[in-house]
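Asks: here is the input, now give the coordinates:
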Amino acid sequence: GLVVVEVNTRRCEDRAEREADLAGALAFTRLNLAAPAADTSGWRR
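Replies: Next up, the predicted model:
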């Protein structure tokens, strides 16, 4: 599937601030959409 993230950077005063906002949005998205870690404990539900 695809994921689309809209980030408003109009209020950013410079390129560095814009890049930081975009990097933060990307990190948040990756963290919250990551697949759960494989269960290697051997327990089944």
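
Asks: would you confirm that Leu33 contacts Val4?
Replies: No. If you go by C-beta atoms under 8 Å, Leu33 and Val4 don't touch, sitting 11.8 Å apart. The C-beta positions use only the backbone N, C-alpha and C, and glycine is treated the same way.

Asks: which parts of the chain are helices?
Replies: The residue ranges that make up the helices of the chain, judged by DSSP state H, are 15-33.

Asks: pLDDT below threshold where in it?
Replies: Within the chain, the segments meeting pLDDT under 70 span 44-45.

Asks: which residues touch the residue positioned nearest the centre of it?
Replies: What sits nearest the mean C-alpha location of the chain, by C-alpha atoms, centre = their mean, is Thr29, with 2.0 Å. The neighbours of Thr29, taking C-beta atoms under 8 Å, 6 or more residues apart in numbering as the test, are 3, 5.

Asks: more neighbours: which of Leu33 and Val4?
Replies: Counted by other C-beta atoms under 10 Å, Leu33 and Val4 do not tie: Leu33 has more neighbours, with 10 against 5.
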